[in-house]
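*Asks:* Compute the structure for the input listed below.
(2 chains)
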Amino acid sequence: MLYREAGQFKSTYAEDQQIFPLRQDRIAIAVLLAFAVFVLPLVGDQYWLSAIVTPFLIFSLAALGLNILTGYAGQLSLGTAAFMAVGAFMAYNAVLRVPGMPILGAFAIGGLCAAAVGVVFGLPSLRIKGFYLAVATLACQFFVLWAINRIGWLSNHSSSGVITAQSIRIFGYELASPAEKYLLTLGIVAVMALAAKNLMRSETGRAFMAVRDMDVAASVVGIPIMRTKLLAFAISSFYCGVAGALYAYTYLGTVEPEAFTLDLSFRVLFMIIIGGVGSILGAFLGAAFITVFPIFLNRSSEWLAALFGIDISHAAVSNIELIIFGGLIIFFLIVEPYGLARLWQIAKEKLRLWPFPH
Amino acid sequence: MNRTATFLAALSLGAAGLPASAIAQNEQFVPANFYWVGPYAPGGSGFGGGIIDYMAMLNERDGGINGVKLTWEKCETEYNNARGVECYERSKKKGPTGATVIHPLSTGITYSLIEKATADHIPIISLGYGRTSAADGRVFPYVFPLITTYWSQATVMVKYMAQKQGGYDKLKGKKIVLVYHDSAYGKEPIPILTDLSKEYGYEFTPIAVPHPGNEQQSQWLQVRQIKPDYVILWGWGVMNPTALKAAAKIGYPRDKIIGVWWSGAEEDVIPAGSAAKGYISAGFNAPGADFPVMKDIQKYVYAKGKGEFDDKSRFGSIYHTRGVVAGIVTAEAIRVAQSRFGKGKPITGEQMRWGIENLNIDEKRLKELGAVGLMPPIKVSCMDHEGSGLVKFQQWDGAKWKVITDWMEPDRKLVRQKVEDDAKQYAKEKSIEPRDCAKEN
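*Replies:* From the prediction side, this is the model:
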């Protein structure tokens, strides 16, 4: 009843080809964006904006990048953190070494460098698949961190290998407050997410999915396998690279190479597995689950302790959190192996009929 | 449907049920953002336990500082930069005057917080870790790498080796290897040790151990080929006992291995068993439960069934006393700030900054605090945010750490030069105008 396309007629091709063909979806997205742009910066305090929402958006972008590669094009990758590192360090170098470099240009350069690295390490995907490919991308992970640690030029010869992001200036205006940084992040993530959503409906996206489902069949119908796979690596790494640059510039401000360990790659992989493989929404849901939920658990233990006046040892609470978190991951995977995005899809299908299911 | 409703109700309860804790006005809030889980938990829980125990003791014994009770709240950072920043943001507005001071207890988190805390006017105390060049207080007004820094320590290590050899001139032609944790933390001493190698003519080889460091066979085979006169161990967590065991396997004498202070706690040597016997490490605090201040903690906190450790054998361990030292400098700085901005009133972060900058714990004050020998005297100034630089050495005898030297002086001239160079570069990158220290106060 609420969620029905009945009565919405498409009379032009443009209408038929919109990113969100349903009016309800368009309204929902517009409301969500309006809320994120106008309301959140006003009601959210610094803690919410800089410690919760901004990292959530950045990890969503990284998960989105991986989802393009793994979810849509079917190439398993464990190099996400490495691509983020390339993005962060190259954006830093772009601002440092090119006088007058605009910050968005630097982010783009970071993303493009990550894309280049992605293409190089994507080459093995032409011969190997699945877990074997994951091992090849693992090499990327180790190589990139090794290079950043060893090549002094990349960190401007900082003795500890740590880089400090320069201030963010757009047309001479400095973005310094958490709300401004959040809005910049939101803008970039929203544009890139819509672009990804659109891309996946285009010829390129369909080629990705054809390769994912069966590459032999795809090549038989005339999809160039090499180009498609490498393009998937390039686009995916570009997204991860931009996410890495945002991680350095709008979130932490200072990054050491160790921030981008294999651990982070796994986290992003878990995000898309839990959120939903091959779904744009899934990247956001997964990022929310992995980044925000542990904080919620952590705080809720505080509230519970205060509510019931019990004093639990903090070490025990910290360990219990990890246990609950791990348990929930298993629970969700058993209940809904296709991820949280699938749950949303089921909900939408039910909403078509609700409240008159028969 | 029913289940969903219950779930939503529970959720909203959780969100709305934020207990509005009655904020008493005469309280000083100190965040306890440490780590109690993960591979580095022994360090985080020990240090955190020490600082909390000391504050609890002050509350019990003296009723706080001039009547202002100290309060704290724990937040789990997991030694992870992102979580550390989250904890910082969460804790900075708590208490009547916000967070007084922050102890990040991680070099990575310290780096991530330098700019944020400076903007928020909350001082950072990074006790024996963090960014060394923050010792230049003109460029880093809100960052205090108190007592001693990695660079000071590196020079003292070389001095110790020179003493053992019978003078700096005897270092010529000797071989020194640095086995380090491949991270920002591990790489800190390399520039100083390289500079010193040019000055004294020893051969210096750094060997990196990838995180977390539980696989070191190839590194120690390399050590065996080089046959160094000394090995400096710059490890953290599980890397330390692994290194000692690997050294024992290749037969490298343990009393020629000199560890950094983060490689020199009970937790670092006990897992290595007999392989650790004779191993030497640096330190800026002494272990032990017999200092008067430790006895007070025992009497006022643990005897009442409180205290941070369930495992009482950790009482007086290296990490625990290091946390107590952190508690002492924190409380003393609050005292100094109160003496200027109003006794018996909670102070703000800015006032605390003044307090730390004018902190002066001399021998006499150490005696009053009951901490003679536990920590070196410390005098901070606008120019010098390190305050002491002194380092002791200790040796593991198989059962406990034994202090084997008195406080040793670092090569202040060299360290200061490097600190100023690095701070200058940072100031240039960030376009910070260094303060004029003559105009302070």
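*Asks:* Against chain A, how distant is residue B:209?
*Replies:* Distance, residue B:209 to chain A, using Cβ to the nearest Cβ, to the nearest Å: 12 Å. Yep, even glycine has a C-beta here, placed from its N, CA and C like the rest.
*Asks:* Tell me the spatial nearest neighbour of residue A:252, not counting adjacent residues.
*Replies:* Spatially, and ignoring its direct neighbours in sequence, residue A:252 is nearest to residue B:112 (4.8 Å; Cβ to Cβ, 6 or more residues apart in numbering or on different chains).
*Asks:* burial count for the closest residue to chain A within the stretch 151-300 of chain B?
*Replies:* For the stretch 151-300 of chain B and chain A, the shortest gap (Cβ to the nearest Cβ) falls at residue B:184, measuring 4.0 Å. By the criterion of other Cβ atoms under 10 Å in any protein chain shown, residue B:184 has 26 neighbours.
*Asks:* Now that it has come up, it's in contact with residue A:161, right?
*Replies:* Yes - at 5.5 Å, residue B:184 and residue A:161 qualify as touching, with contact defined as Cβ atoms under 8 Å.
*Asks:* Quick check: neighbours shared by the two?
*Replies:* Residues touching both residue B:184 and residue A:161 by Cβ atoms under 8 Å, 6 or more residues apart in numbering or on different chains: A:256-257.
*Asks:* what's the spacing between the nearest residue to residue A:50 once chain neighbours are set aside and residue A:282?
*Replies:* Excluding its sequence neighbours, the residue lying closest to residue A:50 (Cβ to Cβ, 6+ apart) is residue A:178, at 3.8 Å. Using Cβ to Cβ, to the nearest Å, we find residue A:178 at a distance of 27 Å from residue A:282.
*Asks:* go on, residue B:276?
*Replies:* Taking Cβ to Cβ, one finds residue B:276 at 49 Å from residue A:282.
*Asks:* With residue B:29 instead?
*Replies:* Taking Cβ to Cβ, one finds residue B:29 at 40 Å from residue A:282.
*Asks:* and if you look at residue A:163?
*Replies:* With distances taken as Cβ to Cβ, residue A:163 is found 32 Å from residue A:282.
*Asks:* before we move on, what about residue A:248?
*Replies:* 25 Å.
*Asks:* now the strands: where do they sit in the chain?
*Replies:* The chain I'm using is chain A. A:163-164, A:168-170, A:173-175, A:254-255 (DSSP state E).
*Asks:* To clarify, I was referring to chain B.
*Replies:* Counting by DSSP E, the strands of chain B are B:27-34, B:69-76, B:124-125, B:143-144, B:175-181, B:203-209, B:230-234, B:257-259, B:280-283, B:360-361, B:378-379, B:392-396, B:401-403.
*Asks:* Paired strands for the first one, with orientation please.
*Replies:* The reference is to strand B:27-34. Here strand B:27-34 is paired, per DSSP bridges, with strand B:69-76 (parallel).
*Asks:* Run the chain-centre distance for the strand it pairs with.
*Replies:* How far strand B:69-76 lies from its chain's middle: 18 Å, per Cα atoms, centre = their mean, to the nearest Å.
*Asks:* For that strand, C-alpha coordinates in PDB please.
*Replies:* This file holds the C-alpha atoms of strand B:69-76, laid out as PDB (Å, rounded to 0.1, in the frame of the first residue of the first chain):
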ATOM      1  CA  LYS B  69      37.400  15.200  44.000                       C
ATOM      2  CA  LEU B  70      38.900  13.500  41.000                       C
ATOM      3  CA  THR B  71      36.500  11.700  38.700                       C
ATOM      4  CA  TRP B  72      37.200   9.500  35.700                       C
ATOM      5  CA  GLU B  73      35.400   7.300  33.200                       C
ATOM      6  CA  LYS B  74      36.900   4.400  31.300                       C
ATOM      7  CA  CYS B  75      36.700   4.200  27.600                       C
ATOM      8  CA  GLU B  76      38.100   1.300  25.600                       C
END
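*Asks:* Identify the residues contacting that strand?
*Replies:* Applying Cβ under 8 Å, 6+ apart, the set of residues contacting strand B:69-76 from outside is A:298, A:314, A:318, A:321, B:24, B:26-37, B:48, B:52, B:55, B:58-59, B:63-64, B:83, B:87, B:90-91, B:94-95, B:331, B:334.
*Asks:* quick one on the thing from earlier: hmm, the residue nearest to residue A:252 is touching residue A:248, no?
*Replies:* No - contact criterion Cβ under 8 Å: residue B:112 and residue A:248 do not qualify, at 10.3 Å.
*Asks:* so what sits against both of these two?
*Replies:* residue A:254.
*Asks:* pull the helix or strand with minimum mean pLDDT from the chain.
*Replies:* Looking at chain A here, since you left the chain open. helix A:293-308 (a mean of 81; mean pLDDT, DSSP states H and E).
*Asks:* think we crossed wires, I meant chain B
*Replies:* For chain B, counting by mean pLDDT, DSSP H and E, that's helix B:2-16 with a mean of 47.
*Asks:* what about residue A:217, how many neighbours?
*Replies:* Count around residue A:217 with other Cβ under 10 Å applied: 11.
*Asks:* any idea of the pLDDT on it?
*Replies:* Predicted confidence (pLDDT) for residue A:217: 95.
*Asks:* Tell me which residues touch the spatially closest residue to it that is not a sequence neighbour, please.
*Replies:* Counting by Cβ to Cβ, 6+ apart, residue A:217 lies nearest to residue A:210, which is 7.2 Å off, once chain neighbours are set aside. By Cβ under 8 Å, 6+ apart, the residues touching residue A:210 are A:217-218, A:221, A:223.
*Asks:* Now the buried members of these.
*Replies:* A:218, A:223 (16 or more other Cβ atoms under 10 Å in any protein chain shown).
*Asks:* Cross-check the contact I'm expecting between residue B:57 and residue B:296.
*Replies:* Yes - using Cβ under 8 Å, residue B:57 is in contact with residue B:296, at 5.6 Å.
*Asks:* higher neighbour count, the two?
*Replies:* residue B:57 (25 against 17).
*Asks:* who's in contact with the more buried one?
*Replies:* B:293, B:296-297, B:300-301.
*Asks:* how about a markdown table for these, with pLDDT added?
*Replies:* Output for the contacts of residue B:57, formatted as a markdown table (pLDDT from 0 to 100):
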| residue | pLDDT |
| --- | --- |
| B:293 | 96 |
| B:296 | 95 |
| B:297 | 95 |
| B:300 | 95 |
| B:301 | 94 |
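*Asks:* Could you give me the PyMOL syntax to select whichever of those residues are buried?
*Replies:* For the buried members of these, the matching PyMOL selection, counting by 16+ other Cβ under 10 Å, is:
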select buried, chain B and resi 293+296+297+300+301
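*Asks:* Specify which member of the contacts of residue B:57 is nearest to residue B:433.
*Replies:* Nearest to residue B:433, judged by Cβ to Cβ, of the contacts of residue B:57 is residue B:293 at 40.8 Å.
*Asks:* Count the residues that sit near the closest residue to that closest one other than its chain neighbours.
*Replies:* Among residues not flanking residue B:293 along the chain, residue B:370 sits closest, at 3.9 Å (Cβ to Cβ, 6+ apart). Neighbourhood size, residue B:370 [other Cβ under 10 Å]: 15.
*Asks:* And for residue A:271?
*Replies:* Counted with other Cβ under 10 Å, residue A:271 comes out at 29.
*Asks:* from the chain's centre, how far out does the longest helix seen in chain B sit?
*Replies:* When chain B is scanned for its longest helix (criterion: DSSP state H), the result is helix B:318-341. The chain centre lies 13 Å from the centre of helix B:318-341; the measure is Cα atoms, centre = their mean.
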